[in-house]
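1. when you get a sec, could you give me coordinates for this:
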Amino acid sequence: MKKNINALVLAAIIGLLIVAIGLGFLFGPANPVPWILIGVLIAIVFIYRWIASKDRVEWKESYTVGVDVLDDDHKRLIELINRFQTAYKYHTGEEFERQALNELVDYTRYHFEREEKMMEAAGYPDLEVHKTVHRAMIFKVAQFQEEYQQRGHEALDGVASFLSEWLIDHINGTDKKYGPYIKTQSLT
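-> Numbers count the residues shown, from 1 in each chain. Next comes the predicted model:
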């Protein structure tokens, strides 16, 4: 609800600025007020973009695990988390939210299966621990989906932040451990 009010207030401010700019030009183009207001309007757009970009997760080379196909999977997961975040934040509608969440969940399952198969083929010694971490995450995400079915849009508050933080922590923690091991087993 707070996000809706914030969007409404922002839209009202932009509308008032546009009206004030138009009225300011009635006094002639030499009048400095409309030009200052145009600058304020442009600044609002850039500030809003900067604030909105803080919610996005960007791939960093420090996230690489050294296995190209799995790094590509991680990049895709980040892209899907960002898409889901956009669907939620901008109230794109139930259908798009559901689609973004389901696509993220499906790809997460696919990635976990691929990762586990590669670790198994390499004889990775901590495979069972890694599988346990994956199963716990799948369970948590299934809870998000169930809550979304019951409560709708409001159930998604904080989900994208949780998922992005979990993914980055997982990549930089447990996933970094298997990368060198799989590479030495020549499975990539």
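
2. CA only for contacts and neighbour counts going forward, please
-> OK.

3. what strand or helix carries the residue nearest in space to the middle of the chain?
-> Nearest to the mean C-alpha position of the chain, by C-alpha atoms, centre = their mean, lies Asn82 at 2.7 Å. Taking DSSP states H and E as the definition, Asn82 sits inside helix 68-89.

4. burial count for Met119?
-> Met119 has 22 neighbours, counted by other C-alpha atoms under 10 Å.

5. check contacts around it.
-> By C-alpha atoms under 8 Å, 6 or more residues apart in numbering, the residues touching Met119 are 127, 178, 182.

6. coming back round to it: can you list contacts of the helix holding Asn82?
-> Contacts of helix 68-89 (C-alpha under 8 Å, 6+ apart): 3, 55-59, 64-65, 92-93, 96-97, 100-101, 103-104, 107-108, 111, 115, 153, 156-157, 160, 163-164, 188.

7. burial measure for Asp157, as a count.
-> Neighbour count of Asp157, defined by other C-alpha under 10 Å: 12.

8. model confidence for it, exactly?
-> We have a pLDDT of 82 for Asp157.

9. report the distance from stretch 148-155 to the chain centre.
-> Distance of stretch 148-155 from the chain centroid (C-alpha atoms, centre = their mean, to the nearest Å) equals 18 Å.

10. and that stretch, what's buried?
-> 148, 153 (16 or more other C-alpha atoms under 10 Å).

11. what about it, start to end distance?
-> Its start and end residues considered, stretch 148-155 measures 5 Å (C-alpha to C-alpha, to the nearest Å).

12. quick one: contacts of it?
-> Residues contacting stretch 148-155 (C-alpha under 8 Å, 6+ apart): 88, 94, 97, 144, 147, 156.

13. is it true that His130 touches Lys176?
-> No - the pair His130 and Lys176 does not pass the contact test of C-alpha atoms under 8 Å, sitting 11.6 Å apart.

14. and the two? which has more neighbours close in?
-> Higher neighbour count among His130 and Lys176: His130, with 19 against 16, using other C-alpha under 10 Å.

15. and the residue lying closest to that one once chain neighbours are set aside, how many neighbours does it have?
-> If the residues on either side of it in the chain are set aside, His130 comes closest to Thr174, at 7.2 Å by C-alpha to C-alpha, 6 or more residues apart in numbering. For Thr174, the count of nearby residues is 15 (other C-alpha under 10 Å).

16. quick one: buried residues of the lengthiest helix in the chain?
-> For the chain, the longest helix by residue count, based on DSSP state H, is helix 94-122. If you call a residue buried by 16+ other C-alpha under 10 Å, then helix 94-122 has these buried ones: 96-98, 100-105, 108-109, 111-112, 115-116, 118-119, 122.

17. can you pull out the strands in the chain?
-> Applying DSSP state E to the chain gives no strands.
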